[in-house]
Each structure stands twice: as structure tokens, then as C-alpha cells.
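Colleague: Structural data only, the sequence is not supplied:
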DNA sequence: GCGATCCTGGCC
DNA sequence: GGCCAGGATCGC
């Protein structure tokens, strides 16, 4: 569900939830705890003080004063919500609750359980197997066009769509923003990386950043499940040019949107515009 | 590389 | 009842 802009919007909405201790922690039996154990999560985080919220691609990182970080991935349907006081009763599929020392509550809910909870220590965070495989964030300043092109070139046989969704190349694009960025860069999602010029890959990077930045500015895309940490919806859906517009003109009127299936995911594109 | 797979819920 | 969904890993 949430792609980079949605996770960033959540991060920003929780920026004030710091300098407070975790008084108690509740983990459900079905909590998607990965690469560690519920016992360890409880032991490491109980009594820890929240220091900062970071983001890497679609991962949200909760830093504590103990050096341990909670690494959260929201999968397709995950939601993280903050309640300053008087939280409503826990809905179905509540997997984690952090009761804070000032009476506030952080609640992680994820019906489909595609999300994950894991832990990480250390600056580089490479001890966490999820983060270890992750390419640099799309907004990482170290990702120059040259660096990006080099990373793409490791996968000459991937389609541009598959490359865009590959979090090892660069982290943050999901199905919606991948379609939008390819449209803006005027690149055919079926084309192979190996058949794409450096300059075109660089254009894709540039348009990806522009699309992601607009997504953040508009508070993300709220299809159905997505809300920020305070329960607000984003309005980016109204500004998507091709995603979910099969059979209708692109939002900017440059042609009819087609839908195809690539790697079992829908791709929306305009063949006349994207070569 | 690609399809199957994890899971629940909403919509037709 | 069947299909589809904002993700990512795992086999083949």
C-alpha cells in the first residue's frame, strides 16, 4: 500500500511523537514480527524512549535512546496511528500497541499481514536483513544520475516497470508512482533496461523524484486504507495522470490510458506517449 | 526473470 | 463466488 510519499507523510505526522517513553507494549499473537522474536521486541523496546522517526524507501524507522530501532513496513494494508488520548477500541488486526508514558498510544493495524516488524542496531542498519537488501532511497543525495544509471545497468533484462519496482535498485517506488514516473518520463514500461539509453534512465530518475515529491506535497494517495499517523487522508489520487484510469484519457489529455499486466501487477500507460 | 504465494476485505 | 488490491519473497 503505502509507497515512499505515504510513508514520508506518516513520518512527518509523527515527528512530534518523541522524547517520550514506551510504558507498555502489546504485541498480538499474529503480529508479523520478522527476523527476531516477539519476546525480544518486547524486551528491547519496553521502557525505551522514542528519539526520532526516519524513513528509508517504504520502511519507517523508530529510533530509541537504546540504539535499537523498530523497523516497520506497512505492506499493502498497514496503518500506523497516533492517539494523544482516549484511543478508540482496538480494531480487528491490531498487531502492535505502544502505550506511552504521557498517556498517548501508537497503534499498528494490518489486516493482510503483508507488513513486517523487525529490529535494527547500528548506524548503517545493515544488520537488518530487509534493510541490507535495500538500495538507496530515491531522495538520497548520493544517487546522482550516474550512480542511478549504474545501478540500473546491473539488471539489463528487467523491464523498466520491473526495474522501477525493484527496491534493490533504488527504494521507494510502488505500483502507483512507478506508472506515473514512467508516463512522465515518456518511457514504455515494457522496454528492457538493456535497450534504454543512459539519458533516458536519468530522465526516469528525475521524473520519479518529481512524482514522489508531488505525492509528499499532496499528502499521499488515499485509495481506501491509507491515512497518515493522525488519520488524515492525502489528495494525490486526484492528480494521478494514468494510474487507475484505464479506458479514459490521461489526466493531462495526452492519450487514452491502457492497462496491461506485468509480473502480475497492473501497469497503466499511454502507448502513443511512451516509447 | 516469472509465477505462485503469503493474507483479508471490498467490490462486481 | 470470483477477482482484484498500494508489497516482496520464494521457488523454479
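Modeller: Nice, I can see it. In this text, all values refer to a predicted model and were calculated from it rather than measured experimentally. Numbering: from 1, shown residues only, chains lettered A, B, ... in the order given.
Colleague: For burial, what's the neighbour tally of residue A:75?
Modeller: Neighbours of residue A:75 under the rule other Cβ atoms under 10 Å: 17. The C-beta positions use only the backbone N, C-alpha and C, and glycine is treated the same way.
Colleague: any idea how far it is from residue A:156?
Modeller: According to Cβ to Cβ, to the nearest Å, residue A:75 and residue A:156 sit 30 Å apart.
Colleague: Repeat that for residue A:217.
Modeller: From residue A:217 across to residue A:156, the span is 34 Å (Cβ to Cβ).
Colleague: what's whichever residue of the stretch 101-250 of chain A sits closest to DNA strand B in contact with, if anything?
Modeller: Nearest residue of the stretch 101-250 of chain A to DNA strand B: residue A:157, at 2.2 Å (Cβ to the nearest atom of the strand). If a contact means Cβ atoms under 8 Å, 6 or more residues apart in numbering, then residue A:157 has A:192-194 as its contacts.
Colleague: tell me the contacts of the residue nearest the centre of chain A?
Modeller: The residue lying closest to the centre of chain A (Cα atoms, centre = their mean) is residue A:58, at 2.5 Å. For residue A:58, the contacting residues are A:2-4, A:7, A:73-74, A:167, A:171-172, A:174, by Cβ under 8 Å, 6+ apart.
Colleague: Show me just the buried residues among those residues.
Modeller: Using 16 or more other Cβ atoms under 10 Å as the burial test, the contacts of residue A:58 include A:2-4, A:7, A:73-74, A:167, A:171-172, A:174 as buried.
Colleague: ok, residue A:91 touching residue A:109?
Modeller: Yes. Counting by Cβ atoms under 8 Å, residue A:91 touches residue A:109, with 5.7 Å between them.
Colleague: higher neighbour count, these two?
Modeller: Neighbour count, other Cβ under 10 Å: between residue A:91 and residue A:109, residue A:109 has more, with 21 against 11.
Colleague: domains for chain A, by residue range?
Modeller: Domain assignment of chain A by automatic domain parsing yields the ranges A:4-132, A:145-269.
Colleague: any residue of the longest one up close to DNA strand C?
Modeller: Pointing back at domain A:4-132 there. Yes. Applying Cβ under 7 Å from any atom of the strand, one finds domain A:4-132 touching DNA strand C at A:6, A:57-58, A:73, A:75-76, A:112, A:114, A:130.
Colleague: which pair in those residues spans the largest distance?
Modeller: Farthest pair in the residues of domain A:4-132 next to DNA strand C (Cβ to Cβ) is A:57 and A:112. Separation: 19.2 Å.
Colleague: give the contact list for residue A:236.
Modeller: Residue A:236 makes contacts with A:5, A:214-215, A:218-222, as judged by Cβ under 8 Å, 6+ apart.
Colleague: what do you get for residue A:24?
Modeller: Residue A:24 makes contacts with A:46, A:99, as judged by Cβ under 8 Å, 6+ apart.
Colleague: how does it look with 10 Å?
Modeller: A:42, A:46-47, A:97-101 (Cβ atoms under 10 Å, 6 or more residues apart in numbering).
Colleague: any idea which of those has the most stuff around it?
Modeller: So for the contacts of residue A:24 (other Cβ under 10 Å), the most neighbours sit at residue A:98, 25 neighbours.
Colleague: Now that one: closest residue in space, sequence neighbours ignored.
Modeller: residue A:106 (4.2 Å; Cβ to Cβ, 6 or more residues apart in numbering).
Colleague: if I read this right, the one you found contacts residue A:23, doesn't it?
Modeller: No. Between residue A:106 and residue A:23 there is no contact under Cβ atoms under 10 Å: 11.4 Å.
Colleague: Of these two, which one has the most company?
Modeller: A count of neighbours by other Cβ under 10 Å puts residue A:106 above the other of residue A:106 and residue A:23, at 23 against 14.
Colleague: Surely the more buried one is within a helix?
Modeller: No. Counting by DSSP: H, G, I helix; E, B strand; the rest coil, residue A:106 is not part of a helix but strand.
Colleague: Any idea what it is bridged to?
Modeller: Applying DSSP bridges to residue A:106 gives these bridge partners: residue A:82, residue A:98.
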